[in-house]
Each structure stands twice: as C-alpha cells, then as structure tokens.
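# starting from these lines, generate the structure:
(one chain, ligands or ions: 2)
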Amino acid sequence: MTDQVFGKVSKVVCVGAGYVGGPTCAMIAHKCPHVTVTVVDMNKDKIAEWNSDKLPIYEPGLDEIVFAARGRNLFFSSDIPKAIAEADLIFISVNTPTKMYGRGKGMAPDLKYVESVSRTIAQYAVGPKIVVEKSTVPVKAAESIGCILREAQKNNANLKFQVLSNPEFLAEGTAMKDLANPDRVLIGGESSTEGLQAVAELVRIYENWVPRERIITTNTWSSELSKLVANAFLAQRISSINSISAVCEATGAEISEVAHAVGFDTRIGNKFLKASVGFGGSCFQKDVLSLVYLCESLNLPQVAEYWQGVINVNNWQRRRFADKIIAELFNTVTDKKIAIFGFAFKKNTGDTRESSAIHVMKHLMEEHAKLSVYDPKVQKSQMINDLAAVTSADDVTRLVTVETDPYAAARGAHAIVVLTEWDEFVDLDYNKIHDNMQHPAAIFDGRLILDQKALREIGFRTFAIGTAPDQAYNLFGTAGY
Ligand SMILES: NC(=O)C1=CN([C@@H]2O[C@H](COP(=O)(O)OP(=O)(O)OC[C@H]3O[C@@H](n4cnc5c(N)ncnc54)[C@H](O)[C@@H]3O)[C@@H](O)[C@H]2O)C=CC1
Ligand SMILES: O=C(O)[C@H]1O[C@H](OP(=O)(O)OP(=O)(O)OC[C@H]2O[C@@H](n3ccc(=O)[nH]c3=O)[C@H](O)[C@@H]2O)[C@H](O)[C@@H](O)[C@@H]1O
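Ligands and ions are numbered 1, 2, ... in the order given. Below you'll find the predicted structure:
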C-alpha cells in the first residue's frame, strides 16, 4: 500500500482576494467549519477592505457569510509567506487578463500573475501541498506550474506538490447561489497515486455540501479546456441570439418570441437566450480570445476563425446599437444630452470590466454627445477611469456627468439609453421623466426590460433590441442599417 502523501486538509489558503477568491473561500469556510480558510492578496488595501464593514465587492448574500465566518475559520491576510507555509491546500485565484503587450497581444491570457504565485509557493512551502488552479488558464498551464514547483522539490526532499485544475463557474451577481448549489464542480488531476490522493482530498472538501454525483473528476487538460469551452459556448449563445436580433429588426419578427419558441426545444434549452447590447464582464471576451489564440497556436485556423466570430458579432452588436441611437436622433447627437441608465456589465454587480456601456458610450462620445450616467452600484471614479481608458480624460470631463439618481440623469435629455438591466429601471415614473425631457423624447432599450407599448402611450419614441419599428407608434425607420 502506498503511503498517504497528502493528509486530511484542515488549512486552506487562497492567493487572490478578488471576485472569485473572496466568495469561494467564504463559502468553503461557511460549509466546512472544521477547515481554516485564509485568503491572501498582495494588494494590502483590498485585504483591509475584506477585514472591514464594507467589503471590496458587492454580491448578494456575501456580507452575511463573511461577517459570520470572519475571525472564526475565515481570515484575510497580506502575510503570504506565512499562509503558504502553513497551508495543506492552496488555491491560485489570481487574475489572468488578456495580454496587452508583446506576443499574443490582445488575444492570449497574461499568465504572469499565475507564474508569480507559483514561484512564491515554491519559495515558502514546507511539507506537502496540493496546489489548485482556480484561475481560468489555457490548456497545459498546470504543466508550467508543476515545472516551477518540481524545481523547488529538487532542493528539499520534504516538499511534495500535486497540481490540480478546479475551474470556477460562478457568475457575478449570483455568485453565492452558484457556489452554494453548483451545477457541477470540476476537478482535474493526474492519474498517478499521488494525483488521485490529491483529487480525493479536494473532493472531500466539496462533498461537505455538493452531492458527489455533481463533482466531476477528469484529467488535468480536460478540466482546463472545459472551462474555456463552457464560457465560449455561453458567449456563443448570446452572439447567436444577438445576430438574430438584427434579422428581427429588419423583418417584424420579435426576438423575445423567437428566443422563447426556439428555447422551448429541450435540446436547445431556454437559458442564455436574452438578446442584449452585447455581453460584457471580465471573462467571456478574454476566454474566447484565449481559445482563439490556443487554436491558432495549435495550427487550427478554421477553429480559431469559428470562435473569433463570436467576438466579432459582439463588437458589431455594440456598434450597431450606438449607430441606431445616432440615426434615430436625426443623425446627429452633437451636444445633445443623452441619459445612460446602467454602467455595470450586468445587474446586481458593481463590476464594470468589459461592460458594453463603455463601448456604446465611447461611440456616442466620438459623436460629441453629452452623456449623463446613472448606475446604482458603480462608483463615479470607476466610470471616469473606464471611459478615460478608451477615450481621453479631456473628453470625459467635457462630455460625461455622473448622477446619483435616474431622474436627474434624464432631466433635459433627448433620449434615455438602457445599458444594464437593473430592476429599478422598470419601475421608474416614466410620465414624470418624459415631462422633464426634450421632445420628442426617445428611449433605446438595450436590455429588453421596459414596456415599449406603455412608453409609447406616454409619448416616447421607442427602440428595443430585436424589435421591429412599429410604424403605428413611432417614427423610426430603418436608417443606419
Ligand atoms: N470574475 C468572475 O466572475 C470569474 C473569474 N474567473 C477567473 O478567476 C480568476 C480570478 O478572477 P477575479 O477574481 O475576477 O480577479 P480579480 O482581479 O478580482 O482578483 C485577482 C486578485 O489577485 C491578486 N493577485 C494578483 N497577483 C497576485 C500575486 N502574485 N500574489 C497575491 N495576489 C495576487 C490581485 O491583487 C487581485 O486582488 C481569473 O482567472 C478569472 O478568469 C472564473 C470564474 C468567474
Ligand atoms: O468565467 C467567468 O468569469 C464566468 O463568466 C460568466 O459569468 P459572468 O460574466 O459573471 O456573468 P453572465 O451572467 O454570464 O453574463 C455575462 C454577460 O452576458 C450578458 N448576457 C447574459 C445572458 C444572456 O442571455 N444575454 C446576455 O446578454 C450579461 O448581461 C453579461 O453582460 C459565466 O456565466 C460563468 O459561468 C463563468 O464562471
């Protein structure tokens, strides 16, 4: 019988206290009171926020779990060496953004943070450690991590490492629900005796609350690839429905009716068929581009081109929506006030990474529109920084104001543009809003959340993604297409 190299896990450490590391570890601490969980980060300010009353990220249900477990079996620290030395199992949950320089610029994920953590683990580890890739990485990334760790093993016989892949599938805004009740947990590892032992230890953690049949174990490369593929398939569904939204606008078919009818087929399914102004968020674009780059590197240009199409449609949808706004505002938005409702990439999050709002606003700013933005969760400084990054600080100062209520944002505006599907936008007093706007007043619904008919009865001109212009109610033609 082979000795058990990896004992029962009682100390878990997560390097990276971001959108994934924080919520995931809070859930592990909540569900496994016998395990001590420490989340570390090189960003000391972020750790201070995790230790404060105001956590650095907003997720429904997160505060309650963190406040209950913090100081009991959940800790946030910047002492990375100490945490690594004491850990039985270490999650690597650092960012893997699209590389913005050198080889693979604009396509490949930047793995410098993952490598840096691997080197830190190699430096400070004592005894056996299970190292778990939580970050989304290209196929074979575990091999690079393993190579760095094996080097440390050569100089210290007490060190033992096994690298596992355990990608995260939570979505922002529903992270706590997704973590508490995941469709599946995926764990990839080596089929060696030590590899299987390490996988079994990670399974044991999740088994505290996830039914065993929902914990899938595969080889390492299948696990790494499955994460990229899952995101690519999800993004592909949105680009598919968005491409059809343009056909609807040109024909009189209704995108929500088409999505409903198509999604009723159980083979297709009804989720992720909501037409929109384009998908945003830190991962879909990054991970599809990572898959495209991987395919190019593997000399599979047809596969790369196929997935690149998902990104192309997304960019086109954002541009198409901005062009529609300009066309319907009589082909000029210069100096016109336009209210922007929503800046986050989806509702129930303050995250703005790759938000479609940034791209649509950029297009409107290029036409010198004056934009007045309201979002219930995004800080003003965040909006200013995001917009300045794609235009210029001068343009932002000249053209953008940020309001703390939607009525102020819409006052005196020629149009309202809905870019995030916040529930509160549905229940606003649109009679009052209409009274205080320039007339004719228009609403462009990029999220299909508003009652178009009711708005037209108030007197608005309306446009919604995937909805044909209704000549009986509004003046929109097909200009701009
Ligand atoms: N945001 C999401 O909803 C999801 C993200 N993912 C993946 O999870 C990974 C992490 O994503 P997020 O949590 O959103 O990123 P994030 O940017 O919110 O957090 C990453 C954290 O890692 C820290 N960090 C970077 N290098 C470090 C180092 N060498 N030592 C210590 N700390 C370091 C950063 O300071 C930052 O706080 C990415 O690979 C992403 O693709 C996967 C599923 C969902
Ligand atoms: O790897 C990741 O980071 C995560 O990426 C997505 O999660 P997230 O980006 O947080 O949010 P989604 O709900 O997937 O929405 C992404 C974007 O697509 C848009 N969307 C979503 C669904 C839809 O039907 N239509 C649509 O336009 C959303 O508004 C948003 O802008 C995946 O859903 C998660 O499973 C994955 O773990």
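
# C-alpha only now, for contacts and for neighbours.
Will do.

# out of everything not next to it in sequence, what's closest to residue 277?
residue 446 (5.0 Å; CA to CA, 6 or more residues apart in numbering).

# assess the claim that that neighbour and residue 467 are in contact.
No: if you go by CA atoms under 8 Å, residue 446 and residue 467 don't touch, sitting 10.7 Å apart.

# which of these two has more residues huddled nearby?
residue 446 (26 against 23; other CA atoms under 10 Å).

# wait, what's in contact with the more buried one?
Counting by CA atoms under 8 Å, 6 or more residues apart in numbering, residue 446 makes contact with 276, 277, 321, 417, 418, 419, 420, 464, 465.

# in helices, which of those residues fall?
residue 321 (DSSP state H).

# pLDDT added to the contacts of residue 446, as CSV?
Shown next, in CSV, are those (pLDDT from 0 to 100):
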residue, pLDDT
276, 98
277, 98
321, 98
417, 98
418, 98
419, 98
420, 98
464, 96
465, 97
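
# grab the nearest non-local neighbour of the closest residue to ligand 1 within the stretch 201-350 of the chain.
The minimum distance from the stretch 201-350 of the chain to ligand 1, using CA to the nearest ligand atom, falls at residue 283 (5.4 Å). Distances taken as CA to CA, 6+ apart put residue 231 closest to residue 283, at 7.8 Å, once the chain neighbours are dropped.

# now swap in residue 403 and tell me
Of all residues not flanking residue 403 in the chain, residue 374 sits nearest, at 5.2 Å (CA to CA, 6+ apart).

# that neighbour touches residue 344, doesn't it?
No: using CA under 8 Å, residue 374 makes no contact with residue 344, being 10.1 Å away.

# these two - which one has more neighbours?
residue 344 (28 against 25).

# what sits against the closest residue to residue 263 other than its chain neighbours?
Among residues not flanking residue 263 along the chain, residue 270 sits closest, at 4.0 Å (CA to CA, 6+ apart). Residue 270 makes contact with 259, 260, 262, 263, 264, according to CA under 8 Å, 6+ apart.

# likewise residue 333?
326, 364, 367, 368, 369.

# closest one of these to ligand 2?
Ligand 2 has its nearest neighbour among the contacts of residue 333 in residue 364, at 19.3 Å by CA to the nearest ligand atom.

# OK, contacts around the residue of the stretch 301-450 of the chain found nearest ligand 1?
At 8.8 Å from ligand 1, residue 351 is the closest residue in the stretch 301-450 of the chain, using CA to the nearest ligand atom. Counting by CA under 8 Å, 6+ apart, residue 351 touches 281, 344, 345, 378.

# repeat for residue 51
By CA under 8 Å, 6+ apart, the contact list for residue 51 reads residue 76.

# begin at 26 from here
Sure thing, new numbering starts at 26, so read that last one as residue 76.

# just checking, residue 397 touches residue 435?
Yes: applying CA under 8 Å, one finds residue 397 in contact with residue 435, separated by 7.5 Å.

# who has more neighbours out of those two?
Counted by other CA under 10 Å, residue 397 and residue 435 do not tie: residue 435 has more neighbours, with 27 against 22.

# residues in contact with residue 72?
42, 65, 66, 101, 102, 103.

# tell me which of those is nearest to residue 431?
residue 42 (32.5 Å; CA to CA).

# please, which helix or strand holds the closest one?
Residue 42 is part of no helix or strand when elements are defined by DSSP states H and E.

# distance of it from residue 374?
Applying CA to CA, to the nearest Å, the value for residue 42 to residue 374 is 17 Å.

# now for the contacts of residue 295, which sits with the most neighbours around it?
residue 284 (20 neighbours).

# what helix or strand does that residue sit in?
Assigned by DSSP H and E, residue 284 falls within helix 280-288.

# mind giving me the packing neighbours of that helix?
In terms of contacts (3 or more CA pairs under 8 Å, 6 or more residues apart in numbering; DSSP states H and E), helix 280-288 is packed against helix 245-276.

# phi, psi of the closest residue in space to residue 169 that isn't next to it in sequence?
Leaving aside its chain neighbours, residue 169 sits nearest to residue 140 (7.9 Å; criterion: CA to CA, 6+ apart). As for residue 140, its main-chain torsions (degrees, to the nearest 10) stand at phi -60, psi -40.

# ok, residue 140 touching residue 170?
Yes: with contact defined as CA under 8 Å, residue 140 and residue 170 form a contacting pair (6.7 Å).

# between these two, which has more neighbouring residues?
residue 170 (23 against 16).

# quick one: contacts of stretch 330-346?
By CA under 8 Å, 6+ apart, stretch 330-346 touches 257, 260-261, 264-265, 267-268, 302-304, 310, 313-314, 316-317, 381, 384-385, 388, 471, 490.
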